[in-house]
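1. Below are the sequence and a predicted model; questions follow.
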Amino acid sequence: MNKRRSRIVIIIFLVCLVAVFYLSVVARGRVKVDSGYRVVMGTFARVVAVAKNSNKARNSIQAAFAEIEKVDELMSDYKSDSEISQINRDGFKRAVEVSESTYEVLRKSIEFSKLTGGAFDITVGPLVDLLRSAEKKGLAASEEETAQAKLKVGFEKLQLDGENRTVKFAVDGMRLDLGGIAKGYAIDKAVEAMQKCGASGAMVDIGGDIRCFGTPPKGRDHWLIGVQDPNVADDDIGTGQLLSTLKLTNAAVATSGGYRRFVLIDGKKYSHIIDTNRGSSASELASVTIISKDAISADALATAVSVMGSERGLALIEKTLETEAVSISSKPEFKLIKTSGAERYTK
Ligand code: AMP
Ligand code: MG
C-alpha cells in the first residue's frame, strides 16, 4: 500500500514537473497579439502574431502594416502620386523608372500572364475603366467601345527594362491595374517583415487573402481559414456563411470571384474580373480559391482561373507544383470542383 502511494506521489510530481516545464518554456514563448481589422488597400486587413513576448509580437505587427502601407503607396491606381499612377500618366511618352518593389510585381505579373496564356493581365486598365463608365451610364459598353479599349490592352505591349528598371507602354492610352496581384505581394512582404522581427508564427489577412506561417498558439498545429460560400453571399455580401474551413501551415490562400465584387448595369451583374481576350467580364465561376506557398501566386492565380474557367483553369493548377484550387461554378448550379490535392487542406 505504502509502495503504491509513493508511486502515485512520484507520478503526480512528474506530471507537475512537466506542466511547469511546459508553462515556463513552451507557453511562455508563445504570446499571441491580434491587430484587429484596419482599413488598408481599400479593404480590411488583420494581422495576428505569435512571438516569445508581447513586445516582439506587437513590433512585428507594426512592421507588417508598414510594409502593407508601403506597397499601397507605390501601387495603388487610386493614389495620384503612386508609381503606378505615374506610369499610367507618362508611360507612353517616356520610360518611367520605378522602385525595386514595383518592378518585381510588374515582372512577376508578366510571368503570370505567360503562365496563364494571358488570362492574368495587369494591362486590363482600359477595360476596367470601360466597365466603370458603363456602370455610371447604366448602359453596357458597345462592341465598338470594347474593341477600341482592347487595342490598348495586352501584356505584350508592356515594355520592361530590367537593367534600368524602367517601364514603357507600346500603345497610347494603356493603363496598369494591379488590383489582382498587389494584395498578395503586400501579404508576402508583411510576412517577410514579421519573420525578420522574430515572430514565430503569424497570419496576415488582407481582404480575405491570407498567408500564415509557424503555428498558432493554444497547441494547434495549423491555422484555420474560413472560405465564404458564394451561394449565400450572392444576396448578402460580406455576411455570407462559410463554405469550408481550410487548415494551413506555411501557406497562402486567395479567393477571387464575381460574387465578391461586381457592378450592376441595367439589373445585370458584371464581375470586376475581365477576360481581356473577349473584353468582357468573366462569368463561368462564382468563386475560385487557390492555396499556394506564397500569397502573390495565390492572388494572381485566383484571378487568372476566374477568367480561364474550371476546365482550363483547374488543369493548369493541377500541374502547378504545391498549388491547389477549389472552384464553384456560377448560378444556378454552384458546382464545386477541386484539384486532386485540395482535400488535404480541408478540415
Ligand atoms: P482579385 O480580387 O484578386 O481577383 O482581383 C480583381 C481585380 O484585378 C479587379 O478589380 C481588377 O482591378 C483587376 N483585374 C480584372 N481583370 C483582371 C485580369 N484579367 N488580370 C489581372 N487583373 C485583373
Ligand atoms: Mg487576385
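-> Structure received. Ligands and ions are numbered 1, 2, ... in the order given.

2. Assess the claim that residue 221 and residue 250 are in contact.
-> No. Contact criterion Cβ atoms under 8 Å: residue 221 and residue 250 do not qualify, at 11.3 Å. (Each C-beta comes from the backbone N, C-alpha and C, glycine too.)

3. If you count neighbours, what's buried in the helix ranked longest in the chain?
-> Secondary structure of the chain read by DSSP state H shows that its longest helix is helix 295-318. Residues 295-310, 313-314, 316-317 are the ones in helix 295-318 that count as buried (16 or more other Cβ atoms under 10 Å).

4. wait, does that helix make contact with ligand 1?
-> Yes. For helix 295-318, a contact with ligand 1 is found by Cβ under 6 Å from any ligand atom, at 299, 302-303, 307.

5. Point me to the helix or strand that includes residue 32.
-> strand 31-34 (DSSP states H and E).

6. Between residue 221 and residue 250, which is the more surrounded one?
-> residue 250 (15 against 8; other Cβ atoms under 10 Å).

7. Show the model's pLDDT score for the more buried one.
-> Per-residue confidence (pLDDT) for residue 250: 94.

8. looking at it, it is touching residue 212, isn't it?
-> Yes. With contact taken as Cβ under 8 Å, residue 250 and residue 212 are classed as touching, separated by 7.2 Å.

9. which residue packs closest to residue 58, ignoring adjacent ones?
-> Among residues not flanking residue 58 along the chain, residue 33 sits closest, at 5.6 Å (Cβ to Cβ, 6 or more residues apart in numbering).

10. I'd say the one you found and residue 56 touch.
-> No. Contact criterion Cβ under 8 Å: residue 33 and residue 56 do not qualify, at 9.0 Å.

11. just to revisit the earlier point, which residues touch the residue nearest to residue 58?
-> 48-49, 51, 54, 57-58, 61 (Cβ atoms under 8 Å, 6 or more residues apart in numbering).

12. returning to what we had before: list the residues that contact both of residue 33 and residue 56?
-> residue 49.

13. which residues touch the helix or strand hosting residue 72?
-> Residue 72 belongs to helix 54-75 when elements are defined using DSSP H and E. With Cβ under 8 Å, 6+ apart as the test, helix 54-75 has contacts from 31-33, 35, 38, 40-41, 45, 47, 49-51, 79, 82-84, 98-99, 101-102, 105, 178, 182, 185-187, 189-194, 196-199, 202, 204, 206.

14. least trustworthy helix or strand in the protein by mean pLDDT?
-> Here the helix or strand of the chain ranked lowest by mean pLDDT, DSSP states H and E is helix 230-233, holding a mean of 58.

15. who in the stretch 101-250 of the chain is up against ligand 1?
-> 120-122, 124, 128, 177, 179-180.

16. Quick check: bridge partners of the nearest residue to residue 39 once chain neighbours are set aside?
-> Nearest residue to residue 39, sequence neighbours excluded (Cβ to Cβ, 6+ apart): residue 45, at 7.7 Å. Applying DSSP bridges to residue 45 gives these bridge partners: residue 38, residue 206.

17. Quick check, residue 45 in contact with residue 209.
-> No. Judged on Cβ under 8 Å, residue 45 makes no contact with residue 209 at a distance of 9.6 Å.

18. I appreciate the help and will end here.
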